[in-house]
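S.K.: With the sequence up front, the predicted model follows.
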There are 2 protein chains.
Amino acid sequence: MNIPKSNAPRIIVIGGGFGGVSLIKKLQKLEVQVVLFDRHNYHTFQPLLYQVSTAGLEPDSIAYPLRKIFRKNKDFHFRLAEVERVDTNVKEIYTSIGNLTYDYLVIATGTKTNYFGNQAIETNSMPMKTVPQALNIRSLMLQNIEEADITSDPEKRKRLLNFVVAGAGPTGVELAGALAEFRKGILEHDYPELEEEEMKVHLIEGADRVLPPMSETASKKAAKFLENLGVQLHLKTFITDYDGSIVTTKDGTTFETETFIWAAGVTGAPIGGIDGNSLIEKANRYKVDRTNKIEGLEAVYAIGDIALMETENFPKGHPQVAQPAIQQGSHLGKNFKKILEGKTPKPFVYLDKGSMATVGRNKAVVDFKKMHFAGAFAWFLWMFVHLWFLVGFRNRVITFFNWTYSYINYDRAARLIIRPFTKK
Amino acid sequence: MNIPKSNAPRIIVIGGGFGGVSLIKKLQKLEVQVVLFDRHNYHTFQPLLYQVSTAGLEPDSIAYPLRKIFRKNKDFHFRLAEVERVDTNVKEIYTSIGNLTYDYLVIATGTKTNYFGNQAIETNSMPMKTVPQALNIRSLMLQNIEEADITSDPEKRKRLLNFVVAGAGPTGVELAGALAEFRKGILEHDYPELEEEEMKVHLIEGADRVLPPMSETASKKAAKFLENLGVQLHLKTFITDYDGSIVTTKDGTTFETETFIWAAGVTGAPIGGIDGNSLIEKANRYKVDRTNKIEGLEAVYAIGDIALMETENFPKGHPQVAQPAIQQGSHLGKNFKKILEGKTPKPFVYLDKGSMATVGRNKAVVDFKKMHFAGAFAWFLWMFVHLWFLVGFRNRVITFFNWTYSYINYDRAARLIIRPFTKK
């Protein structure tokens, strides 16, 4: 592969998510050559993907060109490619655009949607892990409402206006809440021939509460908020099938829907060539030591969602959210000076900054250490934190303006079917 | 088709462009049922499409949901569909979602790209008449620069960094200027392995000057601006072929390029069922009288680009730009009161508000009556006018912010390859 010659050691980073970005930022001052591989030319701010799906934000608010982030890194090279596998014996990776050797390799590939082996769900449901997928959901949602408006078949109309979200983690909760707000703020104004009550939003979860990783208090509050918005909650419900029009569950209940969004789980997205004891197959995560080095390998690291670091507080690994990825990336970046000098790197210590989820306007829940709060203050805090972590001044301003506008007008401006989605 | 019953006469409008939108706004106070058909669920502000292509703006800045525009119209119905033909004898239209009778029909379908019968160009070039097409150009441009960065074949690298725009009307000029600014502001920062000079922008025009519909003064100034930005102008040059990698011209000159944008002409987009003397086949425009009624037909009107109204000042019809469409739509809307009452409608009088085009920052040309000006003031005027005509407060603010940001930072923020474009 065509990479400029350099006397500095080469660090290859796979994945420009939270982990990869915060790592490479810290490498700015080191004498290293950094080559970043990603299949997209932008970093995705995944926590706000659901706002792209529900026509609240356009992609440029939550996506940021990767090349631009690292303009100040000197010997930095971005490659838009898919990494297929690594050969750790010869220290080389194989990609869709050729192969390249490394001195150090950092795997930060994150997760992909987990269908738990269910082929029908994988084929017929709508995942929401990438910007194009989020835009597909937006198109399908709007297309189905348009179609409901013109059909003369009452059964079809019902199916088209039934929205089913699987999984009540933060993504599912936020998506269901946004759909309910779409109904409230837009349906009756834009579609005078449809009644607000005709549109239904169902949220299905296998656990006995929403937001299972958060506190009981947060779960209860979030459930209350969802109900206030008119979201129909179905807890302890296990989905077994979706054929494109009917969702089937274990207890026999069915949901007729043309829009079935799958936010029920993720699994690691490992690359080929590393297995055996290094890969925990159940979770598809690489087992790493306290310095994020993959166990059993030399000079190969994993950070973020793809890494599984067993610690006292998190014996099964850190939660697969942004914070551990950001902190591990940053920590490894700082450690690299020591690693390059052959010194012992410092062990990673996770600083739990709490967790939060939003359901709708003035409705969010926050767990921070032993404190739990919910409502308008939590919602403002949620907005502030998300604006803060968005990359770039411009993205913050555009997002802030869009939120303020939507807040005042109960509106979602980007309800545009740019690329109609065709079901398989 | 499923449209609510109404005692009011039904006006069917085909096309939600400038003409259709300004017409329907004027119908707000009349006792009529309005049914609007469009193949998109949004109105497109076409003059700024080139900014979507060149990563300056996202679609939601220049597209506006049609249903939202007409929230205040009472008996208004939008239908997302393709209109196939009309039978004027039975006053009925046939669409992709069924048929519908009308009392009055207004055709506002605008234009489509004109390939002048050249099949190779139609297959291999990139048109820019719709938002998805503009996004395709954006993706292809960015993909080709990424590919140039990794190829080891110098010929291929040259071809990938050669950008050719056909047609030096306002669209072609603005596009070429924006590409040249992209090179200047972004290439050297984001692609340290590419030299600015390696990227070339060619603008090819059959006439002997750029912006042929504008004044000689404007043409000269615009040509100067383009040259200052490093755009290579090829006037009196007729393109005969493009096979996907080589553009061939009449005099034998060839241009090797992977990115060939076709902005060399438009032709009317008539619907089936109206022909004979009513359709001027050369231009594909409906011949209308001074009240925009299609000649030879009853209760069928055409407005905007698709209409050809012969007047003293414009014996071959008005120019196919926004202003005549807006003014004809608005005029016909006001006339409808008289038409419904069986009175004689007023003839249309075109108010020439001048014309303008922009080449780049501080570089625009304006023709206003006998006055011609160019440079920074013209550029500010261009911005002000375009912001003014954008639909909706939100779109104006977002666009204004993006422009200010780009102006200060020499940046184009939306350089995201969301949907990679695959050549046929």
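M.R.: Yep, it's here.

S.K.: Could you chop chain A up by domain?
M.R.: Domain segmentation of chain A under automatic domain parsing yields A:10-113+A:267-340, A:119-264.

S.K.: Could you dump these into JSON lines and include mean neighbour count and distance to B:Phe368?
M.R.: In short, each C-beta sits where N, CA and C put it, glycine included. Output for the domains of chain A, formatted as JSON lines (neighbours: other C-beta atoms under 10 Å in any protein chain shown; distance: least, C-beta to C-beta, whole Å):
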{"stretch": "domain A:10-113+A:267-340", "mean neighbour count": "21", "distance to B:Phe368": "34"}
{"stretch": "domain A:119-264", "mean neighbour count": "20", "distance to B:Phe368": "38"}
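
S.K.: For the residue of chain A most remote from its centre, list the residues it contacts.
M.R.: Relative to the mean C-alpha coordinate of chain A, counting by C-alpha atoms, centre = their mean, the farthest residue is A:Ser152 (38.0 Å). When contacts are counted by C-beta atoms under 8 Å, 6 or more residues apart in numbering or on different chains, A:Ser152 touches B:Asn2.

S.K.: Tell me how far it lies from A:Trp388.
M.R.: As judged by C-beta to C-beta, to the nearest Å, A:Ser152 and A:Trp388 stand 50 Å apart.

S.K.: Retrieve the pLDDT associated with the closest residue to A:Ile145 other than its chain neighbours.
M.R.: If you skip the residues right next to it in sequence, A:Ile145 has A:Tyr191 as its closest partner in space, 6.5 Å away by C-beta to C-beta, 6 or more residues apart in numbering or on different chains. Confidence per residue is given as pLDDT, and for A:Tyr191 that number is 94.

S.K.: Likewise for A:Lys282?
M.R.: 89.

S.K.: now swap in A:Lys74 and tell me
M.R.: As summarised for this prediction, A:Lys74 has a pLDDT of 91.

S.K.: Could you say which helix or strand holds it?
M.R.: Assigned by DSSP states H and E, A:Lys74 belongs to no helix or strand.

S.K.: measure it to chain B for me?
M.R.: From A:Lys74 over to chain B the distance is 9 Å, taken as C-beta to the nearest C-beta, to the nearest Å.

S.K.: residue contacts, that residue?
M.R.: Going by C-beta under 8 Å, 6+ apart, A:Lys74 touches A:Gln28.

S.K.: ditto for A:Thr171
M.R.: The contact partners of A:Thr171, by C-beta under 8 Å, 6+ apart, come to A:Leu49, A:Tyr50, A:Met128, A:Ala263.

S.K.: Please list which of the residues you listed are also close to chain B.
M.R.: Of the entries in these, not a single one is placed beside chain B under the rule of C-beta under 8 Å from any C-beta of the partner chain.

S.K.: Please identify which of those residues is nearest to B:Ala207.
M.R.: Among those, A:Leu49 lies closest to B:Ala207 (C-beta to C-beta), at 47.4 Å.

S.K.: Report the beta-bridge partners for A:His202.
M.R.: In this structure, A:His202 has the following beta-bridge partners (DSSP bridges): A:Val164, A:Gln232.

S.K.: I figured it was touching A:Val164, is that so?
M.R.: Yes: distance between A:His202 and A:Val164: 4.6 Å, which falls inside the contact criterion (C-beta atoms under 8 Å).

S.K.: Show me the common contact partners of those two, please.
M.R.: By the contact definition C-beta under 8 Å, 6+ apart, A:His202 and A:Val164 are jointly contacted by A:Phe255, A:Thr257.
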